[in-house]
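predicted model, plus sequence, below.
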Amino acid sequence: MTCRDVSGLLPLFYDGELDARQMRAVALHSSRCSECEGELQRLERVQTLVADTINLRVDELDLSQIWPAVQSRIGSVRMPWWHRARSRWEEYDVRSWFTVPALGVATAGAAFAVMVWTSRVGEAPQLAQMPPTPAIDNTAVIDSLESSAESVAVVSEPETHTTVLWVNDDTDYGPEGFPP
């Protein structure tokens, strides 16, 4: 970068508003160029003077009368009833008052469910009247398997009578069957 390129970027560099590539380029150039480094130092001095001047002016201000003036105006504003009710609700945490009745309702519901369930224990289920579903033999036997895929797997579960064929034809996978 040249001094001409860097001179327009120095204020942005000082404020940290450049992208990483530009920040490195400006930092590298200004570390090797005494004129650009001097310009950065001048920017820093200006920033310090502005901050000091503002802080001095703020410290000189008398802010003691601001809150009483604001408070007197706030006192004359009447809040709607729903705002007052909401603030009372939040102040007293009325929500905790509903915990005991809610637990009572949940307990009563559970007791009712247990009574209904236990009263039906002696009854015969309705499904017993339906005719039995005939069993279908859907077993499969694999004598041979040919594939152009790189990876083929067969998993058989005799307990559940389940057979799974896994064919992996994804060419992005390595020889072990995992992504490279």
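Alright, I've got the coordinates. Residues are numbered from 1 along each chain as shown.

what number of residues lie near E37?
Neighbour count for E37, taken as other CB atoms under 10 Å: 14. Just so you know, the C-beta spots here come from the backbone N, C-alpha and C atoms, and that holds for glycine as well.

now do the SS call for E17.
coil (DSSP: H, G, I helix; E, B strand; the rest coil).

can you get me a residue count around it?
11.

how near is it to T118?
73 Å (CB to CB, to the nearest Å).

likewise for A25?
Taken as CB to CB, the span from A25 to T118 is 81 Å.

those two: which is more packed in?
A25 (16 against 9).

which of the helices or strands spans the more buried one?
helix 20-32 (DSSP states H and E).

what about the helices in this protein?
3-15, 20-32, 34-60, 66-75, 81-92, 99-119 (DSSP state H).

tally of neighbours for the residue lying closest to E157 once chain neighbours are set aside?
Excluding the flanking residues, the one nearest E157 by CB to CB, 6 or more residues apart in numbering is T163, at 7.6 Å. Residues near T163, counting by other CB under 10 Å, number 14.

ok so, going back, what is the helix holding A25 packed up against?
Helices and strands touching helix 20-32, by 3 or more CB pairs under 8 Å, 6 or more residues apart in numbering; DSSP states H and E, are helix 3-15, helix 34-60.

quick one, it and helix 34-60 angle?
Helix 20-32 runs at 110 degrees relative to helix 34-60, counting by axes from the mean of the first three to the mean of the last three CA atoms, to 10 degrees.

any buried residues in helix 20-32, and which?
Neighbour counts using 16 or more other CB atoms under 10 Å place 22, 25-26, 29-30 of helix 20-32 among the buried residues.

list the contacts of that helix.
1, 3, 5-6, 9-10, 13, 16, 18, 36-37, 39-40 (CB atoms under 8 Å, 6 or more residues apart in numbering).

any of those buried? List them.
For the contacts of helix 20-32, a burial check counting by 16+ other CB under 10 Å picks out 6, 9-10, 13, 18, 36, 39-40.

residues in contact with S7?
Taking CB under 8 Å, 6+ apart as the criterion, S7 is in contact with 36, 39.

against C33, how distant is it?
Distance from S7 to C33, by CB to CB: 10 Å.

return the distance of T162 relative to V152.
T162 is 17 Å from V152, by CB to CB.

out of those two, which sits in the busier spot?
Neighbour totals were compared for T162 and V152, and V152 leads with 14 against 9 (other CB under 10 Å).

ok so, going back, out of the buried ones among the contacts of helix 20-32, which is nearest to S156?
L18 (63.3 Å; CB to CB).

and the closest one, its phi and psi?
phi -100, psi 160 (degrees, to the nearest 10).

pretty sure it contacts L12?
Yes - using CB atoms under 8 Å, L18 is in contact with L12, at 5.2 Å.

among the helices and strands packed on helix 20-32, which is nearest A106?
So among the helices and strands packed on helix 20-32, helix 34-60 is nearest, using CB to CB, at 58.4 Å.
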